[in-house]
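S.K.: could you look at this predicted model? Sequence included:
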Amino acid sequence: MKQSVCFVLILVLCLALSFSGVLVGDPAARAAGTGTWTQLSLYGGNIGCLAIDPLTPTTLYASTIGGVYRSTDSGATWTAVNTAPAPLDVSSLVINPLTPTTLYAVTGSGVFRSVNSGTTWTAVN
């Protein structure tokens, strides 16, 4: 039951961000406490998808045409997690809700899996 609720909340967040224009063709940005916006230094700037760790919600993953990025501080800073074989141009990004260190990235060249929070990736197709 908890997994269903978490999934629905993540889906609602992604839909809200998509409709707001934040995820659709605009540079990646985050709201500061003052209501201002700051551009983040993610490759290409366009976010394809966003995933939130269900057990540690301060850990976020974002995909761009340059690969996958991870934040462990609620989006204040981001680190590329694109080691070879790098999942580039990610169209979908999924976190295993039972084991959040396991991620799946869907690309035009196949599916990649990471079992260590995106540090390394393996093609699984």
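M.R.: Arrived safely, thanks for sending.

S.K.: all strands of this structure, in order?
M.R.: Listed in chain order, the strands of the chain (DSSP state E) span residues 29-31, 37-39, 49-52, 60-64, 67-71, 79-80, 92-95, 103-107, 110-114, 122-123.

S.K.: what count of nearby residues applies to residue 74?
M.R.: Using other C-beta atoms under 10 Å, residue 74 has 12 neighbouring residues. Any C-beta I mention is one placed from the backbone N, CA and C, and that applies to glycine too.

S.K.: gap between the nearest residue to it once chain neighbours are set aside and residue 116?
M.R.: For residue 74, ignoring the flanking residues on the chain, the nearest one in space by C-beta to C-beta, 6 or more residues apart in numbering is residue 58 at 4.7 Å. Distance of residue 58 to residue 116, given as C-beta to C-beta, to the nearest Å: 18 Å.

S.K.: what's the answer for residue 78, then?
M.R.: According to C-beta to C-beta, residue 78 and residue 116 sit 18 Å apart.

S.K.: flag the shaky bits of this protein, pLDDT-wise.
M.R.: 1-45, 84-86 (pLDDT under 70).
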